[in-house]
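Structure for the following, please:
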Amino acid sequence: MAYSAITKPSLHMNTKLYTGTGASHAITGVGFQPDWVWLKSRSYADNHTVFDAPRGVTKRIFSNLDQAEATEAQSLKTFDSDGFTLGTDTLANGGSGKTYAAWNWKANGAGSSNSDGSITATVSANATAGFSIVKYTGAGGTQTVGHGLGAIPEVVMVKRLDSSNSWIVWNKYLQGNNRYLVLNTTAAQATNSTFFQETPPTSSVFYVGNDAGINGGSNTYVAYCFKSIKGFSKHGFYYGNGNTDGNFVYTGFKPKLVIIKVAYASAGSDFVNHWFMFDNELNGYNENNEYLKSDADEAISSGTNRINFLSNGFKCRTTNDSVNSASGVYTYMAWADEPLVANVGASIPTTAR
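Next up is the predicted model:
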């Protein structure tokens, strides 16, 4: 049996670094036609911009802001067979040598109608890779929304589109189904009994309650849903130890991208910190001391917020509470650069760098 259903992770999720031109710019080399593109300037303090196929080109939201969806004709103009094309928008393609990172995921194009839930949604799902994009219109009250994964998601991120509202993140690894995180802030987990009806998702739907942030009548939303896939992605949690010899987190693959957020304190009061994004394209392997923050407009930073990427997971190498407080419990989302073992022939381990 193959180690993973995905023989080449970069055909489902890939990072592309590029330099802006200030003119129409086709970004190629992604390896597939992306359906979710997340852009951030590495060299300037600019907002993150997020695009997806179900909402359509030029329609952007911001991972670090609560702002409504906006149309920018010169932002991401087309999803292409090997990447995407940008206009002259400075957040995505500024000139004078501005550098950028683009994280790209494959779903299933613009999607199709899904009536698994009480709300009929447009769903673009890549069940093989454990990722789906869900666009829906709220109905108020208590409802369900189909996600198209055919398996129970571990993370669901919801953003209201037609008005300002923070990103609401359900995560299996918080302290209860009434807990949530906010992608665009540093806040620790909080409690709300309405958002997800205090009910975990099923293999076909996630639950939404009577709140304008997630299911206001006639309001519009997008949700991104994630499920761990052996050899490709892993979503979970770990305990910090406050030591430069931090805990090892097993993923079953050599990571490409790891997003870490402190969720709560194992003892005493909860504390706050950013969502840290480590990517092997930013400065390579070990130590990964450069990072971006999904909740901030800051340029790339470096410092003591370090992790080692290994052939089968990652390991914290800092005492900083950003990723390794002795009292911290951290959630993470990780995607593979290479699986732990090859799918073809014998089980040949990959090697750490």
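
Please report how far Ile229 lies from Asp35.
Counting by C-beta to C-beta, to the nearest Å, the gap from Ile229 to Asp35 is 16 Å. Quick note: C-beta positions are derived from backbone N, CA and C, even for glycine.

ok, now Asp297?
Distance from Asp297 to Asp35, by C-beta to C-beta: 25 Å.

One more: Ser302?
For Ser302 relative to Asp35 (C-beta to C-beta), the value is 31 Å.

try Thr90
24 Å.

the more surrounded of these two?
When Thr90 is set against Asp35 and neighbours are counted by other C-beta atoms under 10 Å, the residue ahead is Asp35, at 24 against 16.

in stretch 195-206, what's buried?
By neighbour count with 16 or more other C-beta atoms under 10 Å, stretch 195-206 contains the buried residues 195-197, 199-202, 204-206.

swap in stretch 71-83?
For stretch 71-83, by 16+ other C-beta under 10 Å, it's 72, 75-77, 79, 83.

In helices, which of those residues fall?
When DSSP state H defines the helices, the subset of those inside them is empty.

what's the closest of those residues to Met277?
Leu76 (19.3 Å; C-beta to C-beta).

Can I get stretch 300-309 in CSV, CA atoms only?
Taking C-alpha atoms only, stretch 300-309 is exported to CSV below (Å, rounded to 0.1, in the frame of the first residue of the first chain):
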residue,chain,number,x,y,z
ILE,A,300,9.3,39.3,7.1
SER,A,301,10.9,39.1,10.5
SER,A,302,13.7,37.1,12.0
GLY,A,303,14.7,36.4,15.6
THR,A,304,14.3,33.8,18.3
ASN,A,305,11.0,32.4,17.0
ARG,A,306,12.7,29.4,15.5
ILE,A,307,11.8,25.9,14.6
ASN,A,308,13.7,23.1,12.9
PHE,A,309,12.1,21.4,9.9
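
Can you tell me what sits against that stretch?
Stretch 300-309 is contacted by residues 42-43, 246, 254-255, 258, 260, 276, 278, 280, 282-283, 285-293, 314-320, 322-323, 337, 352-353 when judged by C-beta atoms under 8 Å, 6 or more residues apart in numbering.

Just the residues you listed: which are in helices?
280, 282-283.

residue ranges of the helices in this structure, please?
Going by DSSP H, the chain shows helices at 90-93, 212-215, 280-283.

quick one: buried residues of the second one?
Using 16+ other C-beta under 10 Å as the burial criterion, the residues of helix 212-215 that qualify are 213-215.

Can I get these in JSON lines including pLDDT and distance to Pro9?
Below are these laid out as JSON lines (pLDDT from 0 to 100; distance: C-beta to C-beta, whole Å):
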{"residue": "Gly213", "pLDDT": "97", "distance to Pro9": "33"}
{"residue": "Ile214", "pLDDT": "98", "distance to Pro9": "31"}
{"residue": "Asn215", "pLDDT": "98", "distance to Pro9": "34"}
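
In JSON lines, list the residues you listed along with distance to Val222.
Shown next, in JSON lines, are the buried residues of helix 212-215 (distance: C-beta to C-beta, whole Å):
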{"residue": "Gly213", "distance to Val222": "13"}
{"residue": "Ile214", "distance to Val222": "11"}
{"residue": "Asn215", "distance to Val222": "13"}
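
ok, the residues you listed vs Thr137, which is closest?
Taking C-beta to C-beta as the measure, Thr137 lies nearest Asn215 of the buried residues of helix 212-215, at 9.4 Å.

Which one, of the helices of the chain, ends up nearest to Asn104?
It is, among the helices of the chain and with distance given as C-beta to C-beta, helix 280-283, at 11.6 Å.

Can I get the closest one in PDB? Just the C-alpha atoms.
This file holds the C-alpha atoms of helix 280-283, laid out as PDB (Å, rounded to 0.1, in the frame of the first residue of the first chain):
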ATOM      1  CA  ASN A 280      11.000  26.500   3.800                       C
ATOM      2  CA  GLU A 281      11.000  28.800   0.800                       C
ATOM      3  CA  LEU A 282      11.600  31.900   3.000                       C
ATOM      4  CA  ASN A 283      15.000  31.000   4.300                       C
END
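
thinking Thr202 is in contact with Pro153, fair?
No. Thr202 sits out of contact with Pro153 when judged by C-beta atoms under 8 Å, with a separation of 9.4 Å.

on that earlier part again, turn the buried residues of stretch 71-83 into JSON lines, including pLDDT and distance to Thr128.
Converted to JSON lines, the buried residues of stretch 71-83 look like this (pLDDT from 0 to 100; distance: C-beta to C-beta, whole Å):
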{"residue": "Glu72", "pLDDT": "98", "distance to Thr128": "32"}
{"residue": "Ser75", "pLDDT": "98", "distance to Thr128": "29"}
{"residue": "Leu76", "pLDDT": "98", "distance to Thr128": "25"}
{"residue": "Lys77", "pLDDT": "98", "distance to Thr128": "28"}
{"residue": "Phe79", "pLDDT": "98", "distance to Thr128": "19"}
{"residue": "Gly83", "pLDDT": "98", "distance to Thr128": "21"}
